[in-house]
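Novice: Have a look; sequence and predicted model below, questions after that.
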Amino acid sequence: MRKLILQLHLWVGLITGAVLAVQGLTGSVYVFQPELTAILYSELYQSAEPVTKPVDPKVIVRTAEEQFDGHITNMLFPLRELENYIVKVKGHKEWHFYDAATGKYLGSMEKRRGVLDTVLEVHRELTLGEIGSTITGLCALLLAVVLVSSGLYLWWPRKKRRLKDGLKFKKNASAKRRIWDTHTVFGIYFSVPLFFAALTGVYFAFSEQVQTVVDFVTLAKEPTPDPEKLQSVYQANAQPLSIFQALDLMEDPAYKGYYKRNLNMPKDSVGFVYFSLTNANDVDAGPEYRPQVYLDQYTGHSIYTYNPQKTTTGRQLTRNWFVPIHFGEVGGNLTRVLWFLLGLMPAILWCTGIIMWQNRRKKSKRKLHVNKIV
C-alpha cells in the first residue's frame, strides 16, 4: 500500500507541480495586492485629500458621461486600497479614475489594477481563459485531495518515537538529507493551510459545482442560484433603470453600516443591474460580509439578493469565508504573511520532489548495475 501511495504522490506531484508552483508564486504576490497597487499606481489610486468625505457618486457619473460621451457601465467606489472612483464608459476599454475628494479626472488604465490584474489572471487561468481556469482548478483539487493526504500518510513515522524527528531539520545533514528535510518538514507544517488554500481555490474555478456540493452537504432546502443564469424579464416598451436610480437603491437603509463596493449596469436587454457592498473599508480579519443584489433592469425588483447574515449555512461558508481564507485575510496581517510564505511552498515542494526522485532513480540504476556485475 505504501509503495502505491508513494507512486501516486510522486506522479501527481510531478504532473501538477509546475502549475501549482505558478499559482503559488502569483498568489504570494497577490496577497499584498492592495498595498502594491496603491504604491505602483499612486497617482490614480490615492486621493489628494483622502480624509475628506467622497463627493456624491452622481457627480462623478455626470462628469464622466459628459467627458466621454457615453453611459457608464461599471462603477467602483473608494474602498480598501482604492481612495478614488473608477468607472468604465460604454464604448471605451479603459477604466477611468476620478479623485473622490475633488471629482477631478486623474487618468485611465486598460486594466484597473495594472500589472496586478495580470498576476491575478495568471494565478486563476494561466492567461488561457476558461481552459486555463479548468487546469488550475483541477490542479488545486488534486493538491487538496491527493497530495496533502498522501503526503501526510507518507510522512507519518512507522515508529512513534521518531515523530519529533519528522518535525525538524537534522543537524549536520548531507545535501540529500537536507533536500529530504526541506520537502518533508515544510510539507507537514504547511499541509493544513495548503489544504484550505487549495480547496477554496477550487471554488473559484468551479463555483457552481462546489456550491452544489456544499449545499448538499449542509442540507440546504433549495439550491443557490447561479448568477450567470439570472436574467431580467424583457419588456419592449419599458424604460430600463438609469444609473442614478441604481445609486439611489444602494442607499437603502437595509445596507446601513456597509460600504459601497461596485455597481454594474446591464450588458444587454435581458441583463440585470448588480451592486454589492462590504462590511469593511480596509483589509480586515474574519469573514467578509458582502451583500449582493441582482435587480430586474425594467422593474427594479430583486431577481436574487444575497444577505450574508441571513442565508443558508452553505452560502455563508462559500461567500463569507472562502474569499478571506483563499487570500489569507481571515486572520488579518498575521495570516497574510503566513499566506505569502505559503505561496512559496508549491515551488519548493515541487523542486525538492524532483531532486528526490532523480536521486532515487540514480540509486536504482547503481543497484541494477551492481547486480548485473555480480
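Specialist: Yes, it's here. Here the structure is a predicted model, which is why all the values come from computation and not from measurement.

Novice: where does Lys88 land in three-state SS?
Specialist: strand (DSSP: H, G, I helix; E, B strand; the rest coil).

Novice: Identify the bridge partners of it.
Specialist: Beta bridges link Lys88 to Asn74 when assigned by DSSP bridges.

Novice: Tell me where this protein has strands.
Specialist: 72-76, 85-89, 95-98, 105-109, 259-264, 272-278, 292-296, 302-306 (DSSP state E).

Novice: Would you convert those into a markdown table that also reports mean neighbour count?
Specialist: Placement of C-beta: from N, CA and C, glycine included. Converted to a markdown table, the strands of the chain look like this (neighbours: other CB atoms under 10 Å):
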| stretch | mean neighbour count |
| --- | --- |
| strand 72-76 | 19 |
| strand 85-89 | 23 |
| strand 95-98 | 23 |
| strand 105-109 | 16 |
| strand 259-264 | 19 |
| strand 272-278 | 21 |
| strand 292-296 | 21 |
| strand 302-306 | 16 |
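
Novice: For those, could you give me TSV that also reports mean pLDDT and distance to Phe169?
Specialist: Putting these into TSV (pLDDT from 0 to 100; distance: least, CB to CB, whole Å) gives the following:
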stretch	mean pLDDT	distance to Phe169
strand 72-76	97	47
strand 85-89	97	48
strand 95-98	98	48
strand 105-109	97	46
strand 259-264	96	45
strand 272-278	96	42
strand 292-296	96	47
strand 302-306	94	47
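
Novice: domain parsing for the protein?
Specialist: The record's domain parsing of the chain by automatic domain parsing lists 2-33+120-207+336-373, 49-112, 226-311.

Novice: can you redo those as JSON lines with distance to Pro324?
Specialist: Listed next are the domains of the chain as JSON lines, based on distance: least, CB to CB, whole Å:
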{"stretch": "domain 2-33+120-207+336-373", "distance to Pro324": "9"}
{"stretch": "domain 49-112", "distance to Pro324": "13"}
{"stretch": "domain 226-311", "distance to Pro324": "5"}
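
Novice: among those, which is nearest Val330?
Specialist: domain 226-311 (6.6 Å; CB to CB).

Novice: pLDDT below threshold where in this protein?
Specialist: Low-confidence segments of the chain (pLDDT under 70): 159-162, 363-374.

Novice: switch the cut-off to 50
Specialist: By pLDDT under 50, the chain has no low-scoring segment.

Novice: Grab the CA positions of stretch 123-133 and hand them over as CSV.
Specialist: The C-alpha coordinates for stretch 123-133 follow below in CSV (Å, rounded to 0.1, in the frame of the first residue of the first chain):
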residue,chain,number,x,y,z
HIS,A,123,-3.0,32.8,-11.0
ARG,A,124,-6.5,31.9,-11.9
GLU,A,125,-6.3,30.8,-15.6
LEU,A,126,-2.6,30.9,-16.7
THR,A,127,-3.7,33.5,-19.3
LEU,A,128,-5.5,30.7,-21.2
GLY,A,129,-9.1,31.7,-20.4
GLU,A,130,-11.6,29.0,-19.5
ILE,A,131,-9.3,26.2,-20.4
GLY,A,132,-6.6,27.6,-18.0
SER,A,133,-9.2,28.0,-15.3
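
Novice: buried ones in it?
Specialist: For stretch 123-133, a neighbour-count test (16 or more other CB atoms under 10 Å) marks His123, Arg124, Glu125, Leu126, Gly132, Ser133 as buried.

Novice: cool, and stretch 216-228?
Specialist: So for stretch 216-228, counting by 16+ other CB under 10 Å, buried means Ala220, Thr224.

Novice: Show residues contacting it.
Specialist: Residues external to stretch 216-228 that are found in contact with it (CB atoms under 8 Å, 6 or more residues apart in numbering): 208, 211-212, 215, 274, 292, 294, 304, 312-315, 317.

Novice: Widest-spaced pair of these?
Specialist: Between any two of these, the greatest separation by CB to CB is 24.2 Å, found for Tyr274 and Thr313.

Novice: what about the residue lying closest to Trp357 once chain neighbours are set aside, how many neighbours?
Specialist: In space, and not counting its chain neighbours, Trp357 is closest to Leu10: 6.2 Å by CB to CB, 6 or more residues apart in numbering. Using other CB atoms under 10 Å, the number of residues around Leu10 comes to 17.

Novice: There's contact between Leu10 and Trp350 in this structure, I believe.
Specialist: No - look at Leu10 against Trp350 with CB atoms under 8 Å: they stay out of range, at 11.5 Å.

Novice: Name all residues that make contact with Gln67.
Specialist: The contact partners of Gln67, taken as CB under 8 Å, 6+ apart, are Tyr105.

Novice: Would you check how far apart it and Leu338 are?
Specialist: Taking CB to CB, to the nearest Å as the measure, Gln67 falls 44 Å from Leu338.

Novice: what ranges do the helices span in the stretch 251-374 of the chain?
Specialist: For the stretch 251-374 of the chain, applying DSSP state H, counting those that start in this stretch gives helices covering 313-315, 322-326, 333-342, 345-373.

Novice: which parts of the first one are buried?
Specialist: When you say that, I think you mean helix 313-315. Gly314, Arg315.

Novice: Show me how far that helix is from its chain's centre.
Specialist: In this view, helix 313-315 has its centroid 18 Å away from the chain centroid, taken as CA atoms, centre = their mean, to the nearest Å.

Novice: which residues are contacting that helix?
Specialist: Counting by CB under 8 Å, 6+ apart, the neighbours of helix 313-315 from elsewhere in the structure are Gln211, Val214, Asp215, Val217, Thr218, Ala220, Thr224, Tyr306.
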